[in-house]
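A.B. asks: Have a look at this prediction, sequence included:
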Amino acid sequence: MLDTGELGSVCRQMSPLIERASGSEADVITTAAASAMLHSFYSEIEKIFALIARKYDNRVPNSSAWHKELLIQMSQSTPARPPVITPYVVDALGDYLAFRDLFRETAVTLMRWDKLAPLLARVPEVTGELTIALAIFAHRLASSGDTASPPL
């Protein structure tokens, strides 16, 4: 498997919150921590995608909707690379992107545990699917003769 560095670190640090996701309620401190960690989770994924976009596509979207455009860009093949992620991963990450946007625009005290808990609970599954997709991407690059490893 690929070393996803900071993403793995964020996921490990989220473990207590992920375990707590099955609980029905959380206090404001736990909710704030979960919000910040979910934001970090998606931000680390975006960093990986931006590195790939720079290296293989020579462009990272820069419009006001660049976060969504980057996610879509990673699902498409280009002349320089195969798709990075599957439609399933795009859909799953879309939920985290929507949360990221909400987090950036809303006071953390307004975050609701009942909305965060399902996102927390899915982090291990989504991380696993993303890791598999990145490994397949790296394998396809290697099979195509690209000797440089992906910037992960």
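C.D. replies: Ah, there it is.
A.B. asks: how would you label residue 84: helix, strand or coil?
C.D. replies: coil (DSSP: H, G, I helix; E, B strand; the rest coil).
A.B. asks: Tell me if I'm right that it and residue 134 touch.
C.D. replies: Yes - assessed by Cβ atoms under 8 Å, residue 84 is found in contact with residue 134 at 7.0 Å. Glycine gets a C-beta too; all of them are placed from N, C-alpha and C.
A.B. asks: who has more neighbours, those two?
C.D. replies: residue 84 (28 against 23; other Cβ atoms under 10 Å).
A.B. asks: Let me see the contact set for the residue lying closest to the more buried one once chain neighbours are set aside.
C.D. replies: Spatial nearest neighbour of residue 84, chain neighbours left out: residue 74 (4.2 Å); criterion: Cβ to Cβ, 6 or more residues apart in numbering. Neighbouring residues of residue 74 by Cβ atoms under 8 Å, 6 or more residues apart in numbering: 49, 52, 53, 83, 84, 85, 90.
A.B. asks: same deal with residue 58?
C.D. replies: residue 80 are the contacts of residue 58 under Cβ under 8 Å, 6+ apart.
A.B. asks: measure it to residue 79 for me?
C.D. replies: 11 Å (Cβ to Cβ, to the nearest Å).
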